[in-house]
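# Quick one, fold the following:
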Amino acid sequence: MSKESFKSIVNDWIKREGISELMEWLENTDFYTAPASTRYHGACEGGLLAHSLSVYKWLRDAVDGFSFCNSSFDNLSMESMAIVALFHDICKIGAYRTEYRNAKNPETGIWEQVPCYAYNTDTFGAHGAKSVFLLNQFIHLTEEETVAILHHMGAWDKSTYTDPGRAYENYPLAWLLHVADEAATYISKT
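Model prediction:
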């Protein structure tokens, strides 16, 4: 999965006003090289890009797999699915820095300093809210897209604004994004 794949999906499905400016802005950030986390899924260079593409794949597969039992999924646009999957974690831009820790070399038994990622505490805003804020600088999000991004963390989100159960009842895309994000994180580990 690559930057070219990401751009291809954006070009194929997202026609929203401001998308060109968003994509231009991404070029001047660490979005394509940043990790997705400090130690877990996507804790490597390019992890955020790989995670975003994995969430997109899982979301598409979830819609295809669950459509037989819920016709409300039939009304979801490809554009909305691409936006929420590809950009739900845009808040992670600039969120990580490289530090060093001591680790024992398994071959030599000698302790060495190895690079690792640490979270930048200088960043502002709750996870989903920050992604919505950043996206709204460039493109207009629909109500359902906003709710999906705000609630994609589900019960893992400890911010005060979240009520995932209510969001999932009222917005199928919100539940689908959460499921896709969890699958990418815990099954694909990207």
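# who does the worst-scoring helix or strand of the chain on mean pLDDT touch, helix- and strand-wise?
Within the chain, no helix or strand scores below helix 164-170, which has a mean of 79 by mean pLDDT, DSSP states H and E. Using 3 or more C-beta pairs under 8 Å, 6 or more residues apart in numbering; DSSP states H and E, the elements in contact with helix 164-170 are helix 143-150, helix 172-186. Heads up, the C-betas are built off the backbone N, CA and C, glycines and all.
# Mind telling me which of these the model trusts least?
Looking at the helices and strands packed on helix 164-170, the lowest mean pLDDT belongs to helix 172-186 (a mean of 90).
# For it, which residues meet the burial criterion?
For helix 172-186, a neighbour-count test (16 or more other C-beta atoms under 10 Å) marks 172-185 as buried.
# Any chance you could list what contacts that helix?
Residues from elsewhere that reach helix 172-186, judged by C-beta atoms under 8 Å, 6 or more residues apart in numbering: 40-41, 51, 54-59, 61-63, 66, 70, 72-73, 76, 80-81, 84-85, 88, 144-145, 147-154, 164, 167-168, 190.
# Which single one of the buried residues of helix 172-186 is nearest to Thr33?
Ala184 (18.4 Å; C-beta to C-beta).
# nearest residue to that closest one other than its sequence neighbours?
Ser54 (3.9 Å; C-beta to C-beta, 6 or more residues apart in numbering).
# by contact count, what packs against the one helix or strand that neighbour maps to?
Using DSSP states H and E, Ser54 sits in helix 47-66. On a contact count with 3+ C-beta pairs under 8 Å, 6+ apart, helix 47-66 meets helix 3-13, helix 78-87, helix 172-186.
# Now do the same contact list for Phe66.
Neighbours of Phe66 in contact, by C-beta under 8 Å, 6+ apart: Phe73, Leu176.
# if we can go back for a sec, so can I have TSV of the helices and strands packed on helix 164-170 showing distance to Thr33?
Converted to TSV, the helices and strands packed on helix 164-170 look like this (distance: least, C-beta to C-beta, whole Å):
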stretch	distance to Thr33
helix 143-150	22
helix 172-186	18
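# how much space is there between Asp61 and Asn102?
Separation of Asp61 from Asn102 (C-beta to C-beta, to the nearest Å): 41 Å.
# higher neighbour count, these two?
Taking neighbours as other C-beta atoms under 10 Å, Asp61 and Asn102 compare with Asp61 leading, 13 against 8.
# ok so, going back, verify the contact between the residue nearest to Ala184 and Ser188 for me.
Yes: contact between Ser54 and Ser188 holds when scored by C-beta atoms under 8 Å: they sit 5.0 Å apart.
# Comparing the two, which residue is more hemmed in?
Ser54 (24 against 15).
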